[in-house]
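>>> compute the structure for the input listed below.
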Amino acid sequence: MSNKAKPKTHWAADIFPLNEDDVAAIAEDIKANGQKLPILTTEDGRIIDGRNRWLACQKLGIEPKVEVASLNGGGDEEILALSVSLNSTRRELTAGQRAAAAAEAIEKLYREEGPQQGRGKKSKRSIAYTAFKAGETNTKNCLTLYREDPARFRRIKSGLEPVAPVYEEYRSAKAKEEREQRTRKFINEMGFGEQLDSGAITFDQAHTLALAERQEREQDWQNGKASAENAVRCVTKIHGLDGVPANFIEAVTTYELLTKDEALEAINKAELILSALKSAASKLSPINKTKEKK
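Numbers count the residues shown, from 1 in each chain. Okay, here's the model as predicted:
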């Protein structure tokens, strides 16, 4: 038997972790006492139970004893139930490993069943929690890791770490990544993305510059708003200036507060302002008409 050979397995077997120490111990037992328990497979040769025995036989260079499982046509669900039954009686799995196995089974068989499906009856997901003796929260967290963070999922499946701290680590890392994405978007909006990409500035420097740029833009906006408010006050007061022309003439002819040239210059400036206001009014007219229609 080639050392490079790999067992052909059914996924219902693969959801349980392999242990090299188990393989070594089983190999020693088989060497001393022979293979007492056959490897169970599907009709097409995929291992349902006995991967460690298969690897032990490979290690010893002997042909393993194989038996085709007696199944009743229940498909993958029946194969899964058999695999769970056999593994639960012979293996000491941690709570995290049971939750990881349940998560993989749910992903394989019940992915289309939503968390709220099956009200008023036992959902297939809840049956899986019971079959694997796995808590619902642990299993759901493992399912998230299986889909989104395989490396952290494998740490739980190996039995090295429990679910809660690994999942909390994942949540913290995801939150940090989302914050960085929001910050990067902000940096781009403030116009410092190219400098960051070129390496001219660091991420922290780009963020600092972006904050300063936003503050400057906000100040410019506030200044512009203040000027606009002042303009509104001036324009709205014009209707109370009916007596200004006559008083202005007296300021020049009677009281000599201005020379004629100064008065004409002031009048010209006033005409320019009025002309600009008329132009602004023409731009506002379509808006007013739209509002009237509404």
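>>> tell me where the chain has helices.
Counting by DSSP state H, the chain has helices at residues 11-14, 20-33, 51-60, 75-90, 95-109, 124-131, 136-148, 150-157, 163-189, 193-198, 203-237, 244-253, 260-293.
>>> so which of the ones you listed is nearest residue 69?
Residue 69 sits nearest to helix 75-90 of all those, at 6.4 Å, using Cβ to Cβ. To be clear about C-beta, it is placed using only N, CA and C from the backbone, and glycine gets the same treatment.
>>> looking at the helices of the chain, which one is packed in the most?
helix 95-109 (a mean of 24; mean count of other Cβ atoms under 10 Å).
>>> what angle do helix 75-90 and it make with each other?
170 degrees (axes from the mean of the first three to the mean of the last three Cα atoms, to 10 degrees).
>>> gap between helix 95-109 and the chain center?
22 Å (Cα atoms, centre = their mean, to the nearest Å).
>>> name the surrounding residues that touch that helix.
11-12, 14-17, 76-77, 80, 84, 87, 93, 124-125, 128-129, 131-135, 138-143, 145-147, 153, 156-157, 159, 161-163, 166 (Cβ atoms under 8 Å, 6 or more residues apart in numbering).
>>> again, only this time at 7 Å
With Cβ atoms under 7 Å, 6 or more residues apart in numbering as the test, helix 95-109 has contacts from 11, 15-17, 76-77, 80, 125, 128-129, 132-135, 138-139, 142-143, 146, 153, 156-157, 159, 161-163.
>>> now stretch 149-166
17, 94-97, 99-100, 138, 141-142, 145-146, 169-170.
>>> residue 261: which of those residues is nearest?
When the contacts of stretch 149-166 are compared against residue 261 (criterion: Cβ to Cβ), the nearest one is residue 170, at 79.4 Å.
>>> surely that closest one and residue 145 touch.
Yes - counting by Cβ atoms under 7 Å, residue 170 touches residue 145, with 6.1 Å between them.
>>> please list all residues in contact with the residue of the chain most remote from its centre.
Here the chain reaches farthest from its C-alpha mean at residue 254, the gap being 78.3 Å by Cα atoms, centre = their mean. Remark: with contacts taken as Cβ under 7 Å, 6+ apart, residue 254 is in contact with nothing.
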